[in-house]
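Visitor: What would the 3D arrangement of this be:
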Amino acid sequence: QVQLVESGGGLVQAGGSLRLSCAASGGTFSSSAKGWFRQAPGKEREFVAAISRGGSGTYYADSVKGRFTISRDNAENTVYLQMSSLKPEDTAVYYCAAGRRVLATTPREYDYWGQGTQVTVSS
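Guide: Got it, this is the predicted structure:
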């Protein structure tokens, strides 16, 4: 059973930066693909970014491309989401997910989820 715990969320002004972390325990961290999703109030959970098992492959939603960077440290069992040039529309609860399908972009393709961390961007 894989457990994921996100951290690093908070309140930031528009144009600022935050780095989210997702620490994993249980299972074999390096064998699973990872992704970040977000969910704003009243909206469906949406894909943000995904990274392959080894970290060489990444994929981003158009809305964050060029501003967010996903990375992973398999030795530390951690995946990161570096967010820059944040906008008010980035405000959401951000979730880390783990799954078997590489660079998957839909929630149903992931098997394990963290509890989420709130990111609020003020204008």
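Visitor: in a strand, that's where V102 is, yeah?
Guide: No - in this structure, V102 is coil, not part of a strand, as judged by DSSP: H, G, I helix; E, B strand; the rest coil.
Visitor: contacting residues for it?
Guide: A33, A50, S52, R53, G57 (C-beta atoms under 8 Å, 6 or more residues apart in numbering). Just so you know, the C-beta spots here come from the backbone N, C-alpha and C atoms, and that holds for glycine as well.
Visitor: Relative to F68, how far out is it?
Guide: Between V102 and F68 the distance is 19 Å, computed by C-beta to C-beta, to the nearest Å.
Visitor: same question, A14
Guide: In this view, A14 and F68 are 15 Å apart by C-beta to C-beta.
Visitor: still on that earlier bit, save the contacts of V102 as TSV, and put in pLDDT too.
Guide: What follows is the contacts of V102, written out as TSV (pLDDT from 0 to 100):
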residue	pLDDT
A33	86
A50	97
S52	92
R53	88
G57	95
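Visitor: If we only consider the residues you listed, which is nearest to E44?
Guide: Distance to E44, by C-beta to C-beta, is smallest for A50 among these, at 17.2 Å.
Visitor: what residue of the protein is the furthest out?
Guide: Within the chain, S123 marks the point farthest from the mean C-alpha position, 22.5 Å out by C-alpha atoms, centre = their mean.
Visitor: That residue is in contact with P88, isn't it?
Guide: Yes - using C-beta atoms under 8 Å, S123 is in contact with P88, at 4.8 Å.
Visitor: what sits in contact with each of these two?
Guide: Common neighbours of S123 and P88 (criterion: C-beta under 8 Å, 6+ apart): A14.
Visitor: contacting residues for the closest residue in space to A92 that isn't next to it in sequence?
Guide: Using C-beta to C-beta, 6 or more residues apart in numbering and skipping the chain neighbours, the partner closest in space to A92 is R38 (3.8 Å). Contact partners of R38, counting by C-beta under 8 Å, 6+ apart, are R45, E46, V48, D90, A92, V93, Y94, Y95, V119.
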